[in-house]
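Enquirer: no sequence for this one, just the structure:
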């Protein structure tokens, strides 16, 4: 008998490799959004620097979020098609089933982020980050992917059908647009601006932006880490209790 | 078995007073059942009767609100792990991984079960052979037909060689041929000494396979016995005539032996095997006395009749 976690993880990788839509959503969509904003709208924004330099950190976060829709759908299909019940009856540990999904999701995120950074460079991205800063960027992406991944898995487990699971993850995909990802919050209308300033993604984006510019600010890093930890905790607890209850 | 003095040691599955409610809807209302090892037990009932909930409780997937159940001698609530080690479950929807091939699905089960890795290849090959899936072994399960999916699903359940198998509506939605294949497989399993707990909506399926049948209605078992015992409680195949006047009904009732009349509906029910010979004889007899029936139909007993006979209401009323 092999380690159930490894077996489940391998299963999740096969799923990703065989479902081109997942790869499309996770890797290509963020690239398309980047081309759209930087190439098409970029010159219309005045952000005090090259737009590609401004937008890349926010788009990294967007790239993480875009991958989540398919995670919610795939977790939900496991539930609604009875596979999870089969695993439960076989005494496969809950942690193995759920961690397989989380790790696969985080690795897809890293792939998407790498592709996005590659395209950013082709568009003239000129970061001033040191090697350590880059490590920090990877760390934040992993942490964010992990946190939102757990939350998405909880959404996927709780949803009635794959369709509703897909819908439930849409707020996570929309949320980056109401943050400092695409344009600075001080240019937004009243109401939206306050929301954008205080929503969890803004400090995370500002942290990424700080790291990429080589000057992360504690005022961003601390709330960013706190938000990630909080989202991860809520997602983890919710996912575990739903997994146990739902048959 | 460790339980000294327990009279049920030969029972593979034993439940008493199982109760379960979801919010305020009572789904199981005191279920008692006992399945001797090496037999096929069938839980018969329409949608919503509580069949799947019963299976979920017995397979440790959900906890009952009240009552106790032992499977393979272990309590489902307190010794869930020991129960899981002894059982195999094939749920109502084929729980196969659609993105994996048939072979990979079986290999996944081998990897997750305590089967020694060196036996894995042989077990997978044997199951593919036995379930006639060798040709499609390399194709993703998403390309399989409904019948093939069910077969793969059952093959996956058999990987760990469980001694007690739960099959939740294994043939719902299958074409008649695949149904028969499934029945053959179930019979082979029992011949090997496996105990089968099967739920179904079809009387003929329970009739074909089961040693014992329990009829489940709104969370209660309303009848239990061998298929023959149950069928004795319901009207057999019969022919029904409807007449236009009470006089005609009177006349017909006088000339037809073994008939039951309904004066309000102006119908006459006559026992008959429904074959052309006996039906023709009945029609000839009516003709002889120059009585003509307004309407004529042949009825074979089905689940509806069982329900009507046992519960006083039909399955359609329940389905609401």
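Expert: It's in. Because the structure is a prediction, the values reported are computed rather than measured. Numbers count the residues shown, from 1 in each chain, chains lettered A, B, ... in the order given.
Enquirer: thought residue B:137 was touching residue B:127?
Expert: No - assessed by CB atoms under 8 Å, residue B:137 is found out of contact with residue B:127, at 10.0 Å. Heads up, the C-betas are built off the backbone N, CA and C, glycines and all.
Enquirer: who's more crowded, the two?
Expert: residue B:127 (23 against 18; other CB atoms under 10 Å in any protein chain shown).
Enquirer: State the helix or strand in which the more buried one lies.
Expert: When elements are assigned from DSSP states H and E, residue B:127 belongs to helix B:117-130.
Enquirer: Past that helix, which element shows up next along the chain?
Expert: Next in sequence after helix B:117-130, counting helices and strands by DSSP H and E, comes helix B:146-158.
Enquirer: Check which helices and strands the helix holding residue B:127 is in contact with.
Expert: When contacts are defined as 3 or more CB pairs under 8 Å, 6 or more residues apart in numbering or on different chains; DSSP states H and E, helix B:117-130 packs onto helix B:102-112, helix B:146-158.
Enquirer: Would you tell me which of these gets closest to residue A:54?
Expert: Between residue A:54 and the helices and strands packed on helix B:117-130, the shortest separation by CB to CB is 45.7 Å, and it involves helix B:102-112.
Enquirer: Okay, angle between that closest one and helix B:146-158 too, please.
Expert: Our comparison of helix B:102-112 with helix B:146-158, counting by axes from the mean of the first three to the mean of the last three CA atoms, to 10 degrees, yields an angle of 20 degrees.
Enquirer: Now residue B:64: phi and psi?
Expert: Backbone geometry at residue B:64, expressed as degrees, to the nearest 10, gives phi -70, psi 150.
Enquirer: how close does it get to residue B:184?
Expert: Going from residue B:64 to residue B:184 by CB to CB, to the nearest Å gives 34 Å.
Enquirer: So the two - more neighbours on which side?
Expert: Remark: of residue B:64 and residue B:184, residue B:64 carries more neighbours, 22 against 10, as counted by other CB under 10 Å.
Enquirer: Now do the same contact list for the more buried one.
Expert: Residues touching residue B:64, when contacts are defined by CB atoms under 8 Å, 6 or more residues apart in numbering or on different chains, comprise B:18, B:19, B:20, B:28, B:57, B:76, B:77.
Enquirer: Which members of those occur in helices, if any?
Expert: Residues of the contacts of residue B:64 located in helices (DSSP state H): residue B:57.
Enquirer: for chain B, what are the nearby residues on chain A?
Expert: A:1-2, A:4, A:7, A:11, A:14-15, A:18-19, A:80-83, A:85-92, A:247 (CB under 8 Å from any CB of the partner chain).
Enquirer: ok, 10 Å please
Expert: A:1-4, A:6-8, A:10-11, A:14-19, A:74, A:77-78, A:80-92, A:96, A:245-247 (CB under 10 Å from any CB of the partner chain).
Enquirer: hey, what's in contact with both of residue B:137 and residue B:127?
Expert: B:102, B:103, B:106, B:152 (CB atoms under 10 Å, 6 or more residues apart in numbering or on different chains).
Enquirer: Which two among those are spaced furthest apart?
Expert: Every pair of the shared contacts of residue B:137 and residue B:127 checked by CB to CB; the farthest is B:103 and B:152, at 9.8 Å.
Enquirer: Neighbour count: these two, which is higher?
Expert: For the pair residue B:103 and residue B:152, the greater number of neighbours falls to residue B:152 (27 against 20), based on other CB under 10 Å.
Enquirer: does the more buried one really touch residue B:94, like I thought?
Expert: Yes - the pair residue B:152 and residue B:94 passes the contact test of CB atoms under 10 Å, sitting 7.2 Å apart.
Enquirer: Number of residues surrounding the residue of chain A found nearest chain B?
Expert: Closest contact between chain A and chain B, by CB to the nearest CB, is at residue A:82 (3.5 Å). The local packing of residue A:82 (other CB under 10 Å) involves 21 other residues.
Enquirer: Residue B:293 too?
Expert: The number of residues packed near residue B:293 is 20, by other CB under 10 Å.
Enquirer: Secondary structure element holding it?
Expert: Judged by DSSP H and E, residue B:293 forms part of no helix or strand.
Enquirer: show me what contacts the residue nearest the centre of chain A?
Expert: Centroid-nearest residue in chain A: residue A:64, 2.7 Å away (criterion: CA atoms, centre = their mean). Applying CB under 10 Å, 6+ apart to residue A:64 gives the contacts A:26, A:30, A:105-106, A:108-110, A:112-113, A:116, A:140-142, A:144-149, A:172, A:176, A:201, A:204.
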